[in-house]
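Novice: structural data only, the sequence is not supplied:
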């Protein structure tokens with residue numbers, strides 16, 4: 001994991017803390033969600049069956065946007081969904097703007113997006 005990803009994931013975690021999410025919904029980082037595969041999600045709320053992925057390198061041609069990496073991610077995300085998890089994926093820009101933490105908070109609060117969101 002590159003320095004940027006560590007920084008952006010740390011920023012996301014700080015935003016969750018600032019929004020008080022951890023007080024009512026604890027999360028786990030690098031959660032291994034599959035018994036036999038080495039798949040991990042960047043953040044997980046196990047009780048809520050929510051996985052969050054912060055996608056890196058989307059503009060720099062990183063692993064997640066190149067052929068095999070993209071296919072591997074598709075398999076991972078689809079298996080997670082088949083296992084009953086909800087999956088939210090965010091870019092670094094979505095974290096930086098605060099949108100990612102807001103959307104996670106909305107998911108955990110049980111309300112979807114409204115027209116004014």
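Specialist: Yes, it's here. Because the structure is predicted, anything quoted here is derived from the model rather than measured.
Novice: my guess is residue 25 meets residue 45, correct?
Specialist: Yes: counting by CB atoms under 8 Å, residue 25 does reach residue 45; the two are 5.7 Å apart. Using the backbone N, CA and C atoms, a C-beta is placed for each residue, glycine as well.
Novice: joint contacts of those two?
Specialist: With CB atoms under 8 Å, 6 or more residues apart in numbering applied, the overlap between the contact sets of residue 25 and residue 45 consists of residue 108.
Novice: between the two, tell me which one has more neighbours.
Specialist: Here residue 25 and residue 45 are set side by side on neighbour count (other CB atoms under 10 Å), and the busier one is residue 45, at 21 against 17.
Novice: so that one sits against residue 24, correct?
Specialist: No: the criterion here is CB under 8 Å, and residue 45 misses it with residue 24 at 10.7 Å.
Novice: overlap of the contact sets of the two?
Specialist: Shared between the contact lists of residue 45 and residue 24 (criterion: CB under 8 Å, 6+ apart) are residues residue 108.
Novice: and the strand or helix carrying residue 16, how far out from the chain middle?
Specialist: For residue 16, the element it lies in under DSSP states H and E is helix 3-18. How far helix 3-18 lies from its chain's middle: 11 Å, per CA atoms, centre = their mean, to the nearest Å.
Novice: so for that helix, what gets flagged as buried?
Specialist: 5, 8, 9, 11, 12, 13, 15, 16 (16 or more other CB atoms under 10 Å).
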